[in-house]
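Peer 1: pasting a predicted model and its sequence here:
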Amino acid sequence: MHEMSLMQGIFTIIEQTLARHQVDKVTKVRLQVGALTNAVPDSLQMCFAAFARGTKVEGAQLEIDLVPLLIECTACGQIRELEEPIFLCPNCNSPGVKILSGRELKVESLEVE
């Protein structure tokens, strides 16, 4: 389950952020998770709870914003969302596409007390 290593990186970011500020408790963590990460939201939730145990994040809500795979065709200029990572333009079948979104994995925000 690669979600565990992803969450380890997320908690490194959270801990670094908390070290720079006087925070007693984190109440919500909001993530942006791109389709290409192949991260399963339920698995992320489970890993989040495991990493949060015994920390200032314990009991916090994890909110996950899923970011779709969005491409731009370099041949016809169409911008489209792809359901599957088949990197062909759905409009003209060109393989010349640029990924606009879907690779994200970032801590968007923390709500704290």
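Peer 2: Here it is on my side, so go on.

Peer 1: just the buried positions in stretch 97-113, please.
Peer 2: Of the residues in stretch 97-113, those with enough neighbours to count as buried (16 or more other CB atoms under 10 Å) are 97, 102, 104-105, 110, 112. Just so you know, the C-beta spots here come from the backbone N, C-alpha and C atoms, and that holds for glycine as well.

Peer 1: go on, stretch 16-33?
Peer 2: Neighbour-count burial for stretch 16-33, with 16+ other CB under 10 Å as criterion, is recorded at 18, 26, 29, 31-33.

Peer 1: show me what it is in contact with.
Peer 2: Contacts to stretch 16-33, defined as CB atoms under 8 Å, 6 or more residues apart in numbering, come from residues 10, 14, 39, 41, 44, 48, 56-57, 59-67, 104-113.

Peer 1: identify the bridge partners of the closest residue to residue 61 other than its chain neighbours.
Peer 2: The shortest distance from residue 61 to any residue other than its chain neighbours is 4.7 Å, reached at residue 28 (CB to CB, 6 or more residues apart in numbering). Beta-bridge partners of residue 28, counted by DSSP bridges, are residue 61, residue 111.
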